[in-house]
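>>> Requesting a structural model of the entry that follows:
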Amino acid sequence: MATDFQIRSYSPYEKLDDAIEEVIQSFASHAPKSTKLFIKIHPLDPGLKNWAQLISKLSRKNGVDARVYYLKGGDLSKLLEKTRGVVTVNSTVGLWALRKSCPIKLLGEAIYDVVGLVDKQSLDDFWIMPKPPNPDLSKNFFKALADTVQLRGVFYNRPGLDAAVDVAVYRLENNLINSPLLDLKVKNRPSLAK
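Numbering: from 1, shown residues only. Predicted coordinates for the structure are as follows:
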């Protein structure tokens, strides 16, 4: 999102506009002519910025307006099944891409910025030959996250929020912050299989 703290603090960009401009310029100069670029906005974007207008302007300026598309919504999982790669600053879209074994070019800092998970070549080269994540490393990465620092649940619906709160309270009450949870033999542990 335009005012996202992650952009300002965990990337080389002052604002998301700068990242979008860099991506479109690189795409215009280096991507194969048959390649298309889809730019999807955050599902919770408040609409303070006219992303469609910015993307259209930058695409025309770089001569790729026929190959660059703005997406306001869409099923991310289905989009990732049909893509050759994902460019992100530091979004959780990178985690989704890892789950789909989709090549990722990371432009900022993220928890998944690990050799073998993200493509470390330049953005310009990424368009030509994106490198997929190592499947074993990806599997182990997700296991480490799930077993230590992540909580099962979501913020956007009641059942998901309740599940996250239950596990958070359990971890706090049992002094299990950043401790492997799935391997513990503890009685009355909340179910994580929901």
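
>>> What segments of this protein are strands?
Applying DSSP state E to the chain gives strands spanning 37-40, 68-71, 86-88, 104-106.

>>> which residues touch Glu14?
Glu14 is in contact with Arg8, counting by C-beta atoms under 8 Å, 6 or more residues apart in numbering. For every residue, glycine as well, the C-beta is placed using N, CA and C.

>>> pLDDT value on it, please?
Confidence at Glu14, expressed as pLDDT, is 86.

>>> for Ser191, same thing?
Here the pLDDT value assigned to Ser191 is 53.

>>> What of the one 3 residues further on?
Lys194 is assigned a pLDDT of 42 by the prediction.

>>> Pairing-wise in the sheet, spell out the partners of Leu37.
Beta bridges link Leu37 to Val68, judged by DSSP bridges.

>>> Pull the contacting residues for Gly63.
Ala28.

>>> Now with 10 Å, please.
Residues in contact with Gly63 (C-beta atoms under 10 Å, 6 or more residues apart in numbering) are Ala28, Ser29.

>>> nearest to Ser179, of the strands of the chain?
Nearest of the strands of the chain to Ser179, taken as C-beta to C-beta: strand 104-106 at 27.9 Å.

>>> Contacts for that closest one next, please.
Contacts to strand 104-106, defined as C-beta under 10 Å, 6+ apart, come from residues 11, 23, 26, 85-91, 93-98, 110, 112-114, 117-123, 125-127, 130-133.

>>> Please spell out the ChimeraX selection for the buried subset of those.
Those of those that count as buried under 16 or more other C-beta atoms under 10 Å are selected in ChimeraX with:
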select :11,23,26,85,86,87,88,89,90,91,93,94,95,96,97,98,110,112,114,117,118,119,123,126,127,130,131,132,133
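
>>> just to revisit the earlier point, for Pro159, which of the strands of the chain is the nearest?
With C-beta to C-beta as the measure, strand 37-40 is the member of these nearest Pro159 (26.1 Å).

>>> Can you give me the buried ones in that closest one?
Neighbour-count burial for strand 37-40, counted by 16+ other C-beta under 10 Å, picks out Leu37, Ile39, Lys40.

>>> State the distance from the residue most central in space within the chain to Ala110.
Closest to where the C-alpha atoms of the chain average out (C-alpha atoms, centre = their mean) is Val93, at 2.2 Å. Val93 sits 10 Å away from Ala110, going by C-beta to C-beta, to the nearest Å.

>>> need the contact list for Cys102.
With C-beta under 10 Å, 6+ apart, Cys102 has these contacts: 79-86, 93-94, 96, 130, 132-133.

>>> can you map out the helices along the chain?
With helices called from DSSP state H, the chain shows them at 5-9, 16-30, 51-61, 76-81, 93-99, 123-126, 135-147, 158-173.

>>> would you turn the ones you listed into TSV with distance to Asp45?
Conversion of the helices of the chain to TSV gives the following (distance: least, C-beta to C-beta, whole Å):
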stretch	distance to Asp45
helix 5-9	12
helix 16-30	10
helix 51-61	7
helix 76-81	14
helix 93-99	13
helix 123-126	23
helix 135-147	26
helix 158-173	21
